[in-house]
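>>> Here is a sequence with its predicted model. Questions after.
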Amino acid sequence: MAAVRKIPMRKCVGCGEMKSKKEMLRVLRTTEDQVVLDATGRKNGRGAYLCFDQECLKKAIRNKGLERSLKMEIPQSIYENLEKEFEELENT
């Protein structure tokens, strides 16, 4: 009998929808308290997941979902950088 592989599921901090890990984008808080996008999903640090949708990022900013998940205050400048990186990923 073939073993059924479990697909890792993650919850979007913007819309709250559950999707497979590969369909999500990871936002990472590093050990130096920097907030960056982790396209590989393998970097060390505390992570939060977002759908590949600009609207989910806006919802996460509005409801402070990223701040709760990463357990830190996030300045507006970091949100602006995340929006720019998100747009670059959507255009590629």
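Perfect, I can see it now.
>>> C-alpha only now, for contacts and for neighbours.
Noted.
>>> low-scoring stretches of this structure, by residue?
Along the chain, segments meeting pLDDT under 70 span 1.
>>> try 90
Applying pLDDT under 90 to the predicted model, the residue ranges of the chain that meet it are 1-8, 21-23, 25, 31, 33-42, 52-54, 74-75, 77-79, 81-83, 85-92.
>>> Dump the lengthiest helix in it to CSV, keeping only the CA atoms.
For the chain, the helix reaching the highest residue count under DSSP state H is reported as helix 76-91. What follows is helix 76-91, C-alpha atoms only, in CSV (Å, rounded to 0.1, in the frame of the first residue of the first chain):
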residue,chain,number,x,y,z
GLN,A,76,4.8,51.8,8.6
SER,A,77,8.1,51.8,6.6
ILE,A,78,8.3,48.0,6.8
TYR,A,79,4.7,47.7,5.5
GLU,A,80,5.6,50.0,2.6
ASN,A,81,8.7,47.8,1.8
LEU,A,82,6.5,44.6,2.0
GLU,A,83,4.0,46.2,-0.5
LYS,A,84,6.8,46.9,-2.9
GLU,A,85,8.3,43.4,-2.7
PHE,A,86,4.8,41.9,-3.0
GLU,A,87,4.3,43.9,-6.3
GLU,A,88,7.6,42.7,-7.6
LEU,A,89,6.7,39.1,-6.9
GLU,A,90,3.3,39.5,-8.6
ASN,A,91,4.9,41.0,-11.7
